[in-house]
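Student: Build me a model:
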Amino acid sequence: MNNAQSFLQSINWSNPSWDLMIALVFIVGSFLYGFSLGRDRLIVIMVSIYMALALISNAPYLDTVMKKTEGVLNQIFVFKLTGFLGIFLVLFFFLSRSALQRSIASRDEKGAWWQVIIFSVLHVGLLLSVILSFLPKEALDHLSPITRQIFTYDGARFAWLTLPIIAMIILKQKPVEKKE
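Tutor: Model (predicted):
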């Protein structure tokens, strides 16, 4: 609570910090983005994020690139981020037109509003946590303690990775009854 109060008191609207930008992306993205997409697309996006993270985290060429660019932290971050976002976008494009989307979207509805809010908060939090995990430690040290605590600490990253999965299990949509 102390960290939140100090963060709110330290906001300088004339010269916004990265922490403020992260907070705004989290809040605005969670609501506007989520309601425009709906529950089913958010789930497909989260599955795409997991797949892209698994691929970029286990890419065999990445170790070679990191060794060659040792000491050039910005290049590594840009390379990992570009690779992740590229894989994510390609997977989302293909998965949104696949059997996965059809199996998730068993109705033509956008989902209950409260489910959309939960999935959009989890989606944006997961995406921010993944992107911030690519930053070098030196760059993370420039973020406020509350931002690091919410998105980058090991426990927080684990929570952002597991909570969407738990939500998908608990908030599964009831199958549509077929009319004969």
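Student: quick one: residue 116 and residue 41 touch, right?
Tutor: No: between residue 116 and residue 41 there is no contact under CB atoms under 8 Å: 10.0 Å. No exception for glycine: its C-beta is placed from N, CA and C like everyone else's.
Student: Residues in contact with both of these two, list them for me.
Tutor: Taking CB atoms under 8 Å, 6 or more residues apart in numbering as the contact criterion, no residue touches both residue 116 and residue 41.
Student: For residue 117, the count of nearby residues, please.
Tutor: As a burial measure, residue 117 scores 16 neighbours (other CB atoms under 10 Å).
Student: My error: substitute residue 121 in the last question.
Tutor: 19.
Student: same check, this time on residue 57
Tutor: Neighbour tally, residue 57, other CB under 10 Å: 13.
Student: which regions of this structure lie under the pLDDT threshold?
Tutor: Across the chain, the ranges flagged by pLDDT under 70 are 1-16, 61-75, 99-111, 173-180.
Student: Helix, strand, or coil at the residue most central in space within it?
Tutor: With the centre of the chain defined as its mean C-alpha position, the nearest residue by CA atoms, centre = their mean is residue 127, 1.3 Å away. Counting by DSSP: H, G, I helix; E, B strand; the rest coil, the backbone at residue 127 sits in helix.
Student: just checking, residue 45 touches residue 126?
Tutor: No: taking contacts as CB under 8 Å, residue 45 lies outside contact range of residue 126: 9.4 Å.
Student: Report the separation between residue 166 and residue 82.
Tutor: According to CB to CB, to the nearest Å, residue 166 and residue 82 sit 30 Å apart.
Student: before we move on, what about residue 30?
Tutor: Counting by CB to CB, the gap from residue 30 to residue 82 is 24 Å.
Student: again with residue 128
Tutor: 17 Å.
Student: which one of residue 30 and residue 82 has more residues nearby?
Tutor: residue 30 (20 against 12).
Student: OK, contacts around the more buried one?
Tutor: 117, 120, 121, 123, 124, 125.
Student: Now the third one: closest residue in space that isn't a chain neighbour?
Tutor: Same thing as residue 121. residue 30 (4.6 Å; CB to CB, 6 or more residues apart in numbering).
Student: neighbours of residue 40, just the number please.
Tutor: With other CB under 10 Å as criterion, residue 40 counts 24.
Student: Okay, and it sits in which element?
Tutor: helix 39-57 (DSSP states H and E).
Student: buried residues in that helix?
Tutor: 39-53, 56 (16 or more other CB atoms under 10 Å).
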